[in-house]
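Q: quick check, what structure comes out for this input:
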Amino acid sequence: MTQQIVVALIVGLAAIYAVWRWMPARWRRGAAGRLAAGSQRAGLVDAERAERLAATLGKASGCGSCDSCGSCAPSARPGQQDATDTSRTVHPH
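A: This next block holds a predicted model:
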């Protein structure tokens, strides 16, 4: 019986993590603010820690979250040559 409860808790926490990780950034920031405010109202954290908690939980979770972390450079427009692209350089014969 105890094993089943522990497994259910682990699976539940993994599901919550997966939902939090893949939810849109706007939703994540809103939920982080509500969670931090609720923690402050419950007396679990003070105002400063609630702000840090909201900032930490609202952060982007790595590449692929579409949260403009700056790691993906905008692609060059068609017809424009990238400065690092050497495939189209003209070499003298």
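Q: same question for the biggest helix by length in the chain, mean pLDDT?
A: Counting residues, the longest helix in the chain under DSSP state H turns out to be helix 2-22. Over the span of helix 2-22, the pLDDT mean works out to 95.
Q: just stretch 40-56 next, same as before
A: On average, stretch 40-56 scores 89.
Q: CA-only coordinates of it in PDB, if you can.
A: In PDB, the C-alpha atoms belonging to stretch 40-56 read as follows (Å, rounded to 0.1, in the frame of the first residue of the first chain):
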ATOM      1  CA  GLN A  40       3.000  35.000   0.900                       C
ATOM      2  CA  ARG A  41      -0.700  35.200   2.000                       C
ATOM      3  CA  ALA A  42      -0.300  31.800   3.700                       C
ATOM      4  CA  GLY A  43       2.700  33.100   5.600                       C
ATOM      5  CA  LEU A  44       5.200  30.700   4.000                       C
ATOM      6  CA  VAL A  45       7.400  33.400   2.600                       C
ATOM      7  CA  ASP A  46       7.900  37.100   3.000                       C
ATOM      8  CA  ALA A  47       7.400  39.700   0.200                       C
ATOM      9  CA  GLU A  48      11.000  39.700  -1.000                       C
ATOM     10  CA  ARG A  49      11.100  35.900  -1.200                       C
ATOM     11  CA  ALA A  50       7.700  35.900  -2.900                       C
ATOM     12  CA  GLU A  51       9.100  38.200  -5.600                       C
ATOM     13  CA  ARG A  52      12.100  36.000  -6.100                       C
ATOM     14  CA  LEU A  53       9.900  32.900  -6.200                       C
ATOM     15  CA  ALA A  54       7.700  34.400  -8.900                       C
ATOM     16  CA  ALA A  55      10.800  35.400 -10.900                       C
ATOM     17  CA  THR A  56      12.400  32.000 -10.600                       C
END
